[in-house]
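Q: need coordinates for the below:
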Amino acid sequence: MSEAQAIRTDEAQEVDFVELDTMIDKEFSTDKENLIMILQAIQRHYNYLPKPALTYLSAKIGVPCSKIYEVATFYSTFSLAPRGRNIISICLGTACHVRGAERVRERLHDALNIADGQTTEDRRYTLESVRCIGCCSLGPVLKVNEDMYGRIATDEVEKVLGHYE
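A: All right, here's what the predicted structure looks like:
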């Protein structure tokens, strides 16, 4: 998905401001110190940070949009573009790399018809290469949402993806 497509899709995203109010007021209040936690809640709900939600948040808690975008772009866990329901992370750290992670990544590219950092058109999957997941002895490692797959072989990729159909 190109950046222009992401922006158009983002503008079309329906944001329920009543629900957003409830989320902010109930869980965090309008304390500016809760900005990161509020952004995390918005991302959990929408699977990314829609522009209308960020604009509304700015007015609600009195933090300039520029500051909100500064925080949202500083942390790699936040996304300003729509993401898939299933986030696939393939570890390309040294231990995984020497055990064939690059071949697993190529298989994922072929199976999903997307490259690193892209989302499938049906928004089912987003593929991200990461440098380390933290379980080097199990390499190569594939993480789908919170599920970990260690010692993953290229011929197991489709089977793993089948769990998320």
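Q: separation between the closest residue to C135 other than its chain neighbours and A95?
A: Among residues not flanking C135 along the chain, V141 sits closest, at 5.7 Å (Cβ to Cβ, 6 or more residues apart in numbering). No exception for glycine: its C-beta is placed from N, CA and C like everyone else's. Look at V141 and A95: by Cβ to Cβ, to the nearest Å, they are 9 Å apart.
Q: between those two, which one's more packed in?
A: The neighbour count for V141 versus A95, taken as other Cβ atoms under 10 Å, is higher for V141 (27 against 16).
Q: contact partners for that one?
A: Contacts for V141 (Cβ atoms under 8 Å, 6 or more residues apart in numbering) come out as I90, C91, C96, A101, I133, C135, M148, Y149, G150, I152.
Q: check these for burial and list the buried ones.
A: I90, C91, C96, A101, I133, M148, Y149, G150, I152 (16 or more other Cβ atoms under 10 Å).
Q: part of a helix, is the last one?
A: No - for I152, which was evaluated using DSSP: H, G, I helix; E, B strand; the rest coil, the result is coil, with no helix membership.
Q: ok, now which ones touch it?
A: Applying Cβ under 8 Å, 6+ apart, the residues near I152 are V104, P140, V141, L142, V160.
Q: so which of the residues you listed sit within strands?
A: L142 (DSSP state E).
Q: would you reformat the contacts of I152 as a markdown table and include distance to T73 and pLDDT?
A: Below are the contacts of I152 laid out as a markdown table (distance: Cβ to Cβ, whole Å; pLDDT from 0 to 100):
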| residue | distance to T73 | pLDDT |
| --- | --- | --- |
| V104 | 29 | 98 |
| P140 | 29 | 98 |
| V141 | 27 | 97 |
| L142 | 27 | 97 |
| V160 | 31 | 97 |
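Q: low-confidence ranges in the chain?
A: 1-13 (pLDDT under 70).
Q: please repeat the previous calculation with a cut-off of 80.
A: Applying pLDDT under 80 to the chain picks out residues 1-13, 29-30.
Q: what ranges does it have for its strands?
A: 86-91, 125-130, 142-144, 147-149.
Q: in TSV, list the ones you listed along with distance to N34.
A: Converted to TSV, the strands of the chain look like this (distance: least, Cβ to Cβ, whole Å):
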stretch	distance to N34
strand 86-91	24
strand 125-130	27
strand 142-144	28
strand 147-149	29
